[in-house]
Structure formats: structure tokens, C-alpha cells
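1. What would the 3D arrangement of this be:
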Amino acid sequence: MDLEEKVQDTAGGLSDTAAGRSDPVAGRPEAAAAQGRCGDSADGFRALATLSLEKVFFLARNAWRQMEEMLAAAPGLVDLTLRDIVFHVAGDGGGLPGRWVIGGQSLRRVELCLEIAGAGFWGIGSVPKLECAHVVLNDSPEHRDYFKLFAALSGVKELNVGNFNGRTYQAPLLTGSLSPTFLNLTILKLDTNFYTLEAYIATWSLLQEVPLLQILQIRDCFRDGEANVDLVAGCMHTTLRSCFDLFKNLEYLRMVGISCSINDIYFIKHVVHEATNLKEVSVDMFEGSRKTAQVVSRELKDCQRASAGSRITIKRGDSVCDV
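-> Sure thing, here's the model as predicted:
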């Protein structure tokens, strides 16, 4: 069986609920586009530059191994997106798909939103040219070695971590010396918060390992437990004050979906006070916040700025305030 037939056999088809139709491959634009670029021979895979698979259900036996083989057969692959793919496991008991590796000598960008329950025990192998990674953490730290995952991504220039807080509140994800160092990273985007102690400690630990950070985006999409801000405040004040050069290269801070709690405000003030290269702070508030943009702007009005030319913009809905 040649590789094209193997992929067609492996891809099996999309679930009717995911694709909205029963056509196994053509029902999904991403799958159809990937097949269209593959050509009529294995040479097509060697020339493949972009592959995007979303909500694809693989029916073939041990399809995760075939997926690994397919990626290995595409040495020119530069851009890879795998979202919500599911491998069928034979037998009445079901079970979990096996171990497989995502890698590529030419990969520069990856977007991964996978769960062990559907995609098995996937890992990241050799990716020497990887520059940008967007990874959603869907599995408990009890079942996933996140240190190993972050170590594999430690050479990227841009890192976007979805559900960072959702995983870290269950167990410490990155603490102290266990954090890999991101020597090339300049852009970091995190789903996290400052009212869950475990999430804050993991965030602070990660920030310490990004010495060249220029753009930081924090997105808060985890609303439970906002009443616990006082529990985090003491730890937050102590840890931030002990790291004088944590934001020495930071130029842009973006806070998205935050309620502007006392800890959010303290973090913003600390960055503004310490970041000598800061150009702009933009805050896009959670519309359910008890505060208005005007109230927040008054809270930040008198904060001392290390960079005299830095701007602070507060937005809530249609209301925008410059500080």
C-alpha cells in the first residue's frame, strides 16, 4: 500500500456530528486541501508544506503510527495544525490510542489541540527549526509530562499556551528548577489568572525562564474562584518584588478578559514600574467585571512608569480610556 492509499485508509472519515455530513474526506475543507496538495505519488508528501486536520476520525488500525509515518514522509512540512483528531481503537473495551511522535526537520509552526482520550499519548520529537507553537493543554498533569512537552518547545520564538491555568490549578505544572529555559522566546501568550495560587506560581515560574520576553499576553478565561484573590496577593507581592529584571526587555503587555481585580491591577502596576523598554499596556476587560474602564484608569493613573513614553489603554466594550 503506498502512502496516499494509507492516508486515505487511515483518515477513514469525519464523524457525522463533527462534519455535518457523512462524506469521509471531502466533507472537511482542511482534509480535502491536504489531500489535494499530496498529488498522485509519494513525491507529493515530500513536497507538502502545510497540513491542517481538524475534527478528523481515523478508522484504521493503529492509525496513530500511520500519522507519525505520514509526518516523517513530509520532510518539507513547515506548518502543521492538528485539532480534535480521534483515533479509533479496536475492541469492545475501547481503550486509549498508543504512543506516537510529532516531529519534522522543517517544521516552523505547529498548532496542537489534542486529548489523550482521542489522540493517544502523543509527544513532540525533533523540531530544530520550530519558531511558533500554539498548544492547548487538555490533559491532567497526572497523565501528561508537561515538563517534557515544554522542553521540546524551548527553542521557539513565539509560544501560545491555551488552558494553562485550567491545568495548573489541579497540580503544579512548572515550579522552580523544573522549568525549561526559553532562550529564544520573545512572544508569550498564556491563558492564566492571578486568583488561583497554583496558576499564579506556574505563571511566575515560567516568566522567570523567558529572559528575552518582549510581548506578553495574558488571557483570563477561567472564572471560578475569583473570591480567592487575597490568598494569592501575599505570594504575588513577595515573588514579583524579588525579581527586579523579570520584565527588563518587555515592550508590550496585553491583558485580555480580565476583571481587573486587585491582583490584576498590582501586576500591571509592577510591570509599568519595572519595564524600562515598555511601549504599551493594553487591557481588554471582561464585560462582566464590576468595574468600569473609567474606574480602572483612575486606579492606574498615578502608577510610576519606568518608561516615560509608555501608553496604557483600558477598554471595556465600547468604552475606551487612555491613562
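
2. Show me which residues of the helix or strand hosting His237 are buried.
-> Taking DSSP states H and E as the definition, His237 sits inside helix 229-241. By 16 or more other CB atoms under 10 Å, the buried positions in helix 229-241 come out as Val229, Val232, Ala233, Met236, Thr239, Leu240. Every C-beta, even on glycine, is put in place using the N, C-alpha and C of the backbone.

3. Now do that helix: which elements does it pack against?
-> Judged by 3 or more CB pairs under 8 Å, 6 or more residues apart in numbering; DSSP states H and E, helix 229-241 is in contact with helix 197-207, helix 262-274.

4. Least confident of those, on average?
-> Among the helices and strands packed on helix 229-241, helix 197-207 carries the lowest mean pLDDT, a mean of 87.

5. Compute the inter-axis angle for that helix and helix 229-241.
-> 20 degrees (axes from the mean of the first three to the mean of the last three CA atoms, to 10 degrees).

6. give me every residue that touches Thr239.
-> Thr239 makes contact with Ile201, Trp204 under the criterion CB atoms under 8 Å, 6 or more residues apart in numbering.

7. Quick check: the gap between it and Gln208.
-> For Thr239, the distance to Gln208 equals 9 Å [CB to CB, to the nearest Å].

8. that older thread, check the helices and strands packed on helix 229-241 for me and report the most buried one.
-> helix 197-207 (a mean of 22; mean count of other CB atoms under 10 Å).

9. one step back: Serialize the helices and strands packed on helix 229-241 to TSV and add fields for distance to Glu142.
-> As requested, the helices and strands packed on helix 229-241 are exported to TSV (distance: least, CB to CB, whole Å):
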stretch	distance to Glu142
helix 197-207	14
helix 262-274	27
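
10. what's the closest of the buried residues of helix 229-241 to Gly95?
-> If you rank these by distance to Gly95 using CB to CB, Val232 comes first, at 39.8 Å.

11. isn't that closest one right up against Leu197?
-> Yes. In this structure Val232 lies within contact range of Leu197 using CB atoms under 8 Å: 5.3 Å.

12. Count the neighbours of the nearest residue to Ala73 once chain neighbours are set aside for me.
-> The spatially closest residue to Ala73, leaving aside those adjacent along the chain, is Phe45, at 4.6 Å (CB to CB, 6 or more residues apart in numbering). Neighbour count of Phe45, defined by other CB atoms under 10 Å: 24.

13. Now do Phe45, the pLDDT please.
-> 74.

14. sec struct for it, please.
-> helix (DSSP: H, G, I helix; E, B strand; the rest coil).

15. One more: Val295?
-> Per three-state DSSP, Val295 ends up helix.

16. Tell me the spacing between it and Val135.
-> 35 Å.

17. who's more crowded, the two?
-> Val135 (22 against 14).

18. and Ile218, that's in a strand?
-> Yes. With three-state DSSP as the criterion, Ile218 is located in a strand.

19. Give me the below-cutoff pLDDT ranges for the stretch 201-323 of the chain.
-> Applying pLDDT under 70 to the stretch 201-323 of the chain flags the ranges 222-228.

20. One more pass at 90, please.
-> Residues of the stretch 201-323 of the chain meeting the criterion pLDDT under 90: 201-202, 205, 221-234, 237, 241-245, 287-289.

21. got a list of what the spatially closest residue to Val161 that is not a sequence neighbour touches?
-> Once flanking residues are discounted, Val161 sits nearest to Leu190: 5.3 Å by CB to CB, 6+ apart. By CB under 8 Å, 6+ apart, the residues touching Leu190 are Val161, Phe164, Asn165, Thr203, Leu206, Leu216, Gln217, Ile218, Arg219.
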